[in-house]
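Novice: Sequence and predicted structure, then a few things I'm wondering about:
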Amino acid sequence: MPMLKFQGFTVPRTLEEVVSPENTALLVYDMQAGIVRQIANGDEIVAQVRLILESARRVGMRTIFTRHMSLPKNLMGAFQLRTALAWQRVDSPEKIQPIFLRDSPAFQIIPELQPLPSEAIFDKIAMSAFAGTPLEMALRDCGIRSFIIVGIALEIGIDPTCRHGADLGLIPVLVRDACGFGDSEATAHSLASLSHMGDSFLTDTKKICDLLERFTATKST
């Protein structure tokens, strides 16, 4: 497919045109101890995410991790309480147990994916990684136009992050087999809807790693 140019700029239509170490960031979504252990194939997702993370590091791709954070109960407002009631399946605020408090073991990124000093960690209390975090500002400031997203959970936080990012004019690249999920039916709906919208690229680990490997070869010559 020939590169499309219009009014002095390029309109990317293929993954090869979208992904580059200079203009793409890797977003590792909520790979926390208390989240990974909730996923049936958590170890498999960790392995896939690690492959992509290592490939991104080899080409010097800018990388940002997110962590979902629980607020202490006295700081939870109506929305946070309502969400906690639904997720913990309890019927009163007194029964809520904040799981991802700032210094708790469940809140921490798993040891297998520990961020480097050159990589950022943004904490959030929303599902979209762009809501209430410096993520958009950081990406814009570095000239980023697209982001590869991996992590957990696809139907809960990765889907809204892709939609939010697209609405901000960024191009999401969702790596299906490097995204864990809790509900297969909801996940299938998310993938079908994102595919229908057409503003996100849906791909797999091998495709991304092979693409980044080309930049590794270029960098070494």
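Specialist: Received it, and whenever you're ready, just let me know what you need.
Novice: Can you give me every residue that contacts Lys207?
Specialist: With contacts defined as Cβ atoms under 8 Å, 6 or more residues apart in numbering, Lys207 is in contact with Leu15. For the C-beta atoms, the positions are set from N, CA and C on the backbone; glycine is no exception.
Novice: Also Ser92?
Specialist: Contact analysis of Ser92 by Cβ under 8 Å, 6+ apart lists Leu85.
Novice: Show the backbone phi and psi for it.
Specialist: The phi/psi pair for Ser92 (degrees, to the nearest 10) reads phi -150, psi 150.
Novice: With Arg58 instead?
Specialist: Torsion angles, degrees, to the nearest 10, at Arg58: phi -60, psi -30.
Novice: Near it, how many other residues are there?
Specialist: By other Cβ atoms under 10 Å, 16 other residues sit near Arg58.
Novice: With the one 10 residues further on instead?
Specialist: When neighbours are defined as other Cβ under 10 Å, His68 has 23 of them.
Novice: just Phe100 next, same as before
Specialist: By other Cβ under 10 Å, 20 other residues sit near Phe100.
Novice: Could you say which helix or strand holds it?
Specialist: For Phe100, there is no helix or strand it lies in under DSSP states H and E.
Novice: Quick check, pLDDT for the residue nearest to Thr133 when sequence neighbours are not counted.
Specialist: Using Cβ to Cβ, 6 or more residues apart in numbering and skipping residues adjacent in sequence, the residue nearest Thr133 is Phe122, 4.3 Å away. Note on Phe122: pLDDT of 98.
Novice: would you say Phe122 is within a helix?
Specialist: No. Counting by DSSP: H, G, I helix; E, B strand; the rest coil, Phe122 is not part of a helix but strand.
Novice: Tell me where the chain has helices.
Specialist: In the chain, the helices defined using DSSP state H lie at 15-18, 33-36, 42-58, 78-88, 135-141, 159-167, 184-197, 205-220.
Novice: Now render those as TSV, adding distance to Asp103 and mean pLDDT.
Specialist: What follows is the helices of the chain, written out as TSV (distance: least, Cβ to Cβ, whole Å; pLDDT from 0 to 100):
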stretch	distance to Asp103	mean pLDDT
helix 15-18	38	95
helix 33-36	13	97
helix 42-58	22	98
helix 78-88	18	92
helix 135-141	23	98
helix 159-167	25	98
helix 184-197	31	97
helix 205-220	32	86
